[in-house]
Structure formats: structure tokens, C-alpha cells
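In: No sequence on hand, only this structure:
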């Protein structure tokens, strides 16, 4: 298998854990995996980007522009920021809940992600989900990374078996949160497998 997967969001959304789960699950299935993270002031809500490259023909951990099979986007502006990585036939899974940048409090631009979502709808194959709203129903937005991982897996574009990913999730979260994370992943998986590509 060969897959190039880019995960992007802002600090505190759990993007790095999502990338580690994908990489570990792919290795369990016998694949060669390279990964790297770019973290900019992550603890202050800065951008976080993770590259996961699966396959023997990936000699660098960084995905070349125009080669990502899937972008797992935790925030609309971060998807737009990284859209040059997406292949022409690639898919973006986009959380529509915007995270206002730090400068928003100074400039009051009114950023709510709408312009970014409109741009993506016009230019990219996407599955849009309100991940924050879905996770609030599950009890906490802290499950966003696992829910979005489920959407990506359910889309079929991730290329990793559902049970392999679930096993990795359960091996990495505390016992008291295992059932909630399992539920978040499975609800995301169902969404990804039934929602279809909107754009």
C-alpha cells in the first residue's frame, strides 16, 4: 500500500496523537511508515501539521506538494493553508468548526471559517463535518481527533482496517476513556462511510 496522509489543525486539538495512531496502525498491518510534525506555537493555538507517509516508495517523511491522498483537517483555515499538498484526486475531511487565531482578538476580522469552507467547496473534493458539535453530544470536544480519524477511516481513503485503528486507539488512551473514544471513532466511521463527498 502507498498512502500520503496530511493532518492539520491548531495546538490542543489532538492532531499529533491522530498522526501517531495512523502511523502505528499502518505499521501493525506490515507497512513501512515515515512521519514528521511541524508545530508552530502549538500550545498557544498555533498551526500544527503532521505528515504520514505509508509505503516502501516513500523515502522522505515530508509529503511533496500535490501528492497527499487525504488531508485530515481539524480547522478550515488550516486546510486551506495546506491545500497545495492535496493530490488532484485527493480528499479533504474538514471539520467546519473554526478556531479564531490569536490575532482575531486584536483585529476583529470576524473570522468564522465560512470563507474558507466556501473556497474548499469550490475547489476540492471534501467531506465536511461539524466535529465539535458531534463530540459535544459524546460528552467532550476532546474526542475531536478520534472522531475525525473515524470519518477518514470510514471514507475508505485512509486504507487502514477499522479494527486495527481501534486497537491502536485503545492502547493509547487511559482505561476510563476507552469506551468514549471507541464510540467517537465508530460514530465518525459511520459518518465517513455514509455522508459521501460533498464537493
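Out: Right, received. Where do you want to start? What you see is a predicted model, and the numbers here were worked out from it, not measured in a lab.
In: Could I get the full set of helices for this structure?
Out: Using DSSP state H, the helices assigned to the chain run over residues 15-28, 76-81, 104-107, 114-123, 131-138, 144-154, 162-172, 178-195.
In: Buried ones in the longest strand that the chain contains, by neighbour count?
Out: In the chain, with assignment by DSSP state E, the single longest strand is strand 86-95. Burial within strand 86-95, assessed by neighbour count using 16 or more other CB atoms under 10 Å, is assigned to 86-87, 90-95. Any C-beta I mention is one placed from the backbone N, CA and C, and that applies to glycine too.
In: Listing partners with orientation, what would you give for that strand?
Out: strand 68-73 (parallel), strand 126-129 (parallel) (DSSP bridges).
In: just checking, residue 35 touches residue 58?
Out: No. Using CB atoms under 8 Å, residue 35 is not in contact with residue 58; the gap is 10.0 Å.
In: Quick check: the gap between the most centrally placed residue in the chain and residue 112.
Out: By CA atoms, centre = their mean, the mean C-alpha position of the chain lies nearest to residue 72, the distance being 2.7 Å. Counting by CB to CB, to the nearest Å, the gap from residue 72 to residue 112 is 21 Å.
In: Where does pLDDT dip in the chain?
Out: By pLDDT under 70, the weakly predicted segments of the chain are 40-45, 102-105, 196-199.
In: go with 50
Out: 198-199 (pLDDT under 50).
In: Quick check: closest non-adjacent residue to the residue nearest to the centre of the chain.
Out: Spatial nearest neighbour of residue 72, excluding adjacent residues (CB to CB, 6 or more residues apart in numbering): residue 7 at 4.5 Å.
In: Could you measure from that neighbour over to residue 114?
Out: 23 Å.
In: now swap in residue 47 and tell me
Out: In terms of CB to CB, residue 47 sits 19 Å off from residue 114.
In: out of those two, which sits in the more crowded spot?
Out: More crowded of residue 47 and residue 114, by other CB atoms under 10 Å: residue 47, with 20 against 12.
In: can you pull up the bridge partners for that one?
Out: Bridge pairing for residue 47 (DSSP bridges) gives the partners residue 10.
In: I'd guessed it sits against residue 81; true?
Out: Yes. The pair residue 47 / residue 81 is scored as a contact, 6.8 Å apart, by CB under 8 Å.
In: Quickly list what's touching both of the two.
Out: Taking CB atoms under 8 Å, 6 or more residues apart in numbering as the criterion, residue 47 and residue 81 both touch residue 8.
In: ok so, going back, ok, now which ones touch the residue nearest to the centre of the chain?
Out: Contacts of residue 72 by CB under 8 Å, 6+ apart are 5-8, 18, 93, 148-149, 152.
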